[in-house]
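J.: coordinates only, no sequence provided:
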Ligand code: ADP
């Protein structure tokens, strides 16, 4: 800024000085010339008198100083010259000033030397006798005048330059200081010169606009962060080189990545072939989905390209945890296959026996046996279908009754009473121990659970064995069903709660088992917030324990769930 101002100042000042000097030189030149001409004219008039009266001798007697006097005859012959010998001089008739004087009484001309540094002014005056008196004098030319003022001119320019430097510095400081001292936070308070006001108001306006836009951007960013952080789905946004631009916590959690890698490339988040080829597909402009397994969970990855100006500029990837859906789907498929299989066997035998009876080829004494078999198979079907329906109801969360405080002791006693005939047939002793305790329960479901456990304890018991039900109140209310039966091999213990899982299929079917009893127990326990544990030793017996929350805790849990559900 300082240099610019200095340069401009100097240029203007030097130009002004030069222009003024040039003008002055021209004006002075004309002024001096005019003066010289007037002086020559006056001198010529005085000398004319001498020349007319005394001729060339009279002129020769005079001291002419710097003037050169020439007397020229009317035919141009030089009669007298104060600087040269008249006889040696050529005819002067063709001289401009002489011609003018002969024609008009006086004549003026100027002639320059070869270098233009010298100029001679000639003034000619016609005398009464027709001869011409000419006075000549050397005069300044423009250049000599210029040369004479050059010294002061250079001094003047130097002074002007120095003055310009000082002025430029002061001016630059004056302009720049308010700009340097600009307080962007308080533009209104900034003191400056008038020319600065439009800039300040524009700056203030722009600051307001930027602040507004920044605020809006921050708000949008915060909204985006809140939305994405609260999403259960994982979200990844990448650029056209698969560089990770944004992501949420769910994405890292689902992909089982503790932190984003330094290079931040999406391909580093999962190395499976399916994931990598899906990303490659998206970067080519395609879209698709794939399933990947991360940390024992099944994730569905859906990816779409982001287009801009007709080309792929990035991609958006959404990751969903579909473990439960996949497992449920798998279970449903297995369940459907199992149900079909379980239903098919009794239906096939019912249909076969019925067909034989319809044909009438059956000996009358066998009809009763066949009818009884058909009846048994139909009963089995009814039990099976009832179990399936109950399990489906539990599965779908449909309650088969209202919640109430149920006295466990009474219910267990009543169940054992119902099973007494079956136990008695095989000499199995049933006993109930412990104390009275109430649990918060859906009565039919709890009844079914206790019944199934006691029924199994009898079914899989040895003849003359023992079944003991023990109820223990406490922080958790325990209901234990202990038998002295065949036991369950360790390899099967974790699987007996699966639907249709039986340790010994044919034995279970023989004794009327559906393979759904323990499944119903497990789902019923989940409904009641109870834990189920199983201990078993082959040949010695099995212990199944249900641990229920106490009534108050169960009621509070229900309330929380209800309130959570309402929210
Ligand atoms: P089921 O209708 O076949 O009894 P469950 O679901 O009740 O079906 O039981 C699954 C399997 O677990 C049974 O087939 C049986 O092999 C085994 N099981 C269940 N309870 C006992 C028990 N108390 N003692 C030994 N084995 C048992």
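T.: Looks like it came in fine. In this text the structure is predicted, and so the values were computed from the model without any measurement.
J.: residue 305 - that's part of a helix, no?
T.: No. Counting by DSSP: H, G, I helix; E, B strand; the rest coil, residue 305 is located in no helix; its state is strand.
J.: which residues does it bridge with?
T.: residue 315 (DSSP bridges).
J.: that one and residue 29, how far apart?
T.: Using CB to CB, to the nearest Å, residue 305 is found at 85 Å from residue 29. C-betas here are computed from N, CA, C, even on glycine.
J.: now do residue 226
T.: Residue 226 is 88 Å from residue 29, by CB to CB.
J.: more neighbours: these two, which one.
T.: residue 29 (19 against 10; other CB atoms under 10 Å).
J.: list the contacts for that one?
T.: Counting by CB atoms under 8 Å, 6 or more residues apart in numbering, residue 29 touches 140, 141, 142, 145.
J.: starting at the chain centroid, how far to the helix or strand containing it?
T.: Secondary structure from DSSP states H and E places residue 29 in helix 2-60. On the basis of CA atoms, centre = their mean, to the nearest Å, helix 2-60 sits 80 Å off its chain's mean C-alpha point.
J.: got the phi and psi for the residue nearest the centre of the chain?
T.: Against the mean C-alpha coordinate of the chain, by CA atoms, centre = their mean, the closest residue is residue 245 at 6.7 Å. Backbone torsions of residue 245, given as degrees, to the nearest 10, read phi -100, psi -40.
J.: what pLDDT is listed against it?
T.: We have a pLDDT of 91 for residue 245.
J.: please report how far it lies from residue 260.
T.: As judged by CB to CB, residue 245 and residue 260 stand 11 Å apart.
J.: ok, now which ones touch the closest residue in space to residue 304 that isn't next to it in sequence?
T.: Leaving aside its sequence neighbours, residue 304 sits nearest to residue 287 (CB to CB, 6 or more residues apart in numbering; 4.5 Å). Neighbouring residues of residue 287 by CB under 8 Å, 6+ apart: 281, 302, 303, 304, 305.
J.: what count of nearby residues applies to the last one?
T.: Okay, so that is residue 305. For residue 305, the tally of surrounding residues (other CB under 10 Å) stands at 19.
J.: thought it was touching residue 311?
T.: No. Counting by CB atoms under 8 Å, residue 305 stays clear of residue 311, with 9.6 Å between them.
J.: identify the contacts common to these two.
T.: Overlap of the contact sets of residue 305 and residue 311 (by CB under 8 Å, 6+ apart) is empty.
J.: ok, stretch 452-461 near the ligand or not?
T.: Yes. Part of stretch 452-461 sits near the ligand under the criterion CB under 6 Å from any ligand atom, namely 452, 456, 457, 460.
J.: would you mind putting those into TSV with neighbour count alongside?
T.: Below are the residues of stretch 452-461 next to the ligand laid out as TSV (neighbours: other CB atoms under 10 Å):
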residue	neighbour count
452	23
456	24
457	27
460	22
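J.: any stretches of the stretch 401-550 of the chain with poor pLDDT?
T.: Judged against pLDDT under 70, the stretch 401-550 of the chain has no low-scoring part.
J.: now the helices for it?
T.: 408-425, 443-459, 490-493, 505-510, 517-528 (DSSP state H, counting those that start in this stretch).
J.: and the third one, anywhere near the ligand?
T.: No. Applying CB under 6 Å from any ligand atom, one finds helix 490-493 out of contact with the ligand, separated by at least 7.1 Å.
J.: what sits up against that helix?
T.: Applying CB under 8 Å, 6+ apart, the external contacts of helix 490-493 come out as 501, 503, 534, 536.
J.: try 10 Å this time
T.: Here helix 490-493 makes contact (CB atoms under 10 Å, 6 or more residues apart in numbering) with 487, 498, 501, 502, 503, 504, 534, 535, 536, 537, 538, 542.
J.: for the fourth one, same thing?
T.: When contacts are defined by CB under 10 Å, 6+ apart, helix 505-510 is touched by residues 342, 345-346, 380, 456, 459-460, 486, 500-502, 504, 513-515, 517.
J.: report the secondary structure state of the residue in the stretch 101-250 of the chain positioned nearest to the ligand.
T.: Distances between the stretch 101-250 of the chain and the ligand by CB to the nearest ligand atom are smallest at residue 232, namely 33.9 Å. Following three-state DSSP, residue 232 is assigned to coil.
J.: what's the spacing between residue 229 and residue 221?
T.: Distance from residue 229 to residue 221, counting by CB to CB: 12 Å.
J.: residue 252 too?
T.: For residue 252 relative to residue 221 (CB to CB), the value is 19 Å.
J.: ok, residue 441 next?
T.: Noted for residue 441: a distance of 50 Å to residue 221, by CB to CB.
J.: show me where the stretch 151-300 of the chain dips below the pLDDT cut-off.
T.: In the predicted model, the stretch 151-300 of the chain carries pLDDT under 70 at residues 191.
J.: confirm that residue 90 sits in a helix.
T.: No. Residue 90 is assigned coil when assessed by three-state DSSP, not a helix.
J.: next, count neighbours for it.
T.: Residue 90, neighbours per other CB under 10 Å, totals 10.
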